[in-house]
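> Coordinates only, no sequence provided:
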Ligand code: DC
């Protein structure tokens, strides 16, 4: 039984910690809107790559990207038959492309730019105006929704997270080595946790979940229990 009281659920954590899967499934079970904030940073990164404003060779052209930010419109198409919500960049479905290794390698340097964060934070706060939302990311419990009624911080070892990411990429037919994926995971953790604006960190009032040895079913049981507790006194 879930109560009628609508809350905001913020799920933060390290890259490939499985937080998106958990967040999406929770939203589905309790009839909430799900927003993948990382997808928004990935879409901005893809836009920058397509407009020669970000590349592995020359990094990110910060000034250029800040100038074109007003031209970048991000939205989500409701989940289709695959059960996955699709990210739209200026109306184009880029859900698959934003998960590529190239985007993964450039998304953290794009995410340190204060103007990018400011713009996406405002957009994310707009999604949460009516509550009844589950959002996952790095700074949801600390910056986007500091008053969220339920905050979860997910962690697992870098090796375990790299193994999960590797499986996802292989399922898509992308050829990558374990070392490359592990390096990306560790490097993103480093940049995300040390950036000046809204670094990745556990909010003081977040509940920590180390899901390294838990099955998806066990994680969902744990999360639903926390959700029911958070909505109980409504
Ligand atoms: O959740 P993800 O791995 O798809 O996120 C991709 C990147 O986006 C992540 O490495 C850092 C950035 N990000 C962020 O800075 N703040 C968020 N709230 C979500 C993601």
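Received it, and whenever you're ready, just let me know what you need. These numbers were taken from a predicted model, which means no experiment stands behind them.
> Close to the ligand: what parts of the chain are there?
Residues of the chain that fall close to the ligand, judged by C-beta under 6 Å from any ligand atom: 15, 37-38, 41-42, 107-108, 111, 137-140, 188, 192. C-beta: built from backbone N, CA, C; applies to glycine.
> From those, which land in strands?
residue 137 (DSSP state E).
> Now do the helices in the protein.
Using DSSP state H, the helices of the chain run over 19-30, 37-50, 62-68, 101-111, 114-127, 158-171, 178-194, 216-232.
> For the third one, buried residues please.
Buried positions in helix 62-68, judged by neighbour count with 16 or more other C-beta atoms under 10 Å: 62, 65.
> OK, contacts around residue 43?
72, 74, 87, 89, 94, 98 (C-beta atoms under 8 Å, 6 or more residues apart in numbering).
> out of the helices of the chain, deepest packed?
Using mean count of other C-beta atoms under 10 Å, the stretch among the helices of the chain with the largest mean neighbour count is helix 37-50, at a mean of 23.
> give me the low-pLDDT residue ranges for this protein?
Scanning the chain for pLDDT under 70 picks out 1-3, 233-234.
> hmm, try it at 50
Under the criterion of pLDDT under 50, none of the chain is flagged as low confidence.
> Count the residues that sit near the closest residue to residue 131 other than its chain neighbours.
Spatially, and ignoring its direct neighbours in sequence, residue 131 is nearest to residue 6 (4.0 Å; C-beta to C-beta, 6 or more residues apart in numbering). Using other C-beta atoms under 10 Å, residue 6 has 16 neighbouring residues.
> Tell me which residues touch residue 6, please.
With contact taken as C-beta under 8 Å, 6+ apart, residue 6 is in contact with 32, 130-132.
> how near is it to the ligand?
To the ligand, residue 6 is 21 Å away according to C-beta to the nearest ligand atom, to the nearest Å.
> Of the contacts of residue 43 - the most surrounded one?
Highest neighbour count within the contacts of residue 43, by other C-beta under 10 Å: residue 87, with 24 neighbours.
> That one contacts residue 38, correct?
No: in this structure residue 87 lies outside contact range of residue 38 using C-beta atoms under 8 Å: 9.8 Å.
> closest to residue 52 among the residues of the chain next to the ligand?
Residue 52 lies nearest to residue 107 out of the residues of the chain next to the ligand, by C-beta to C-beta, at 16.9 Å.
> which one is that closest one nearest to, not counting chain neighbours?
residue 45 (4.5 Å).
> who's in contact with that neighbour?
Listed by C-beta under 8 Å, 6+ apart, the contact partners of residue 45 are 54, 98, 103, 106-107, 110.
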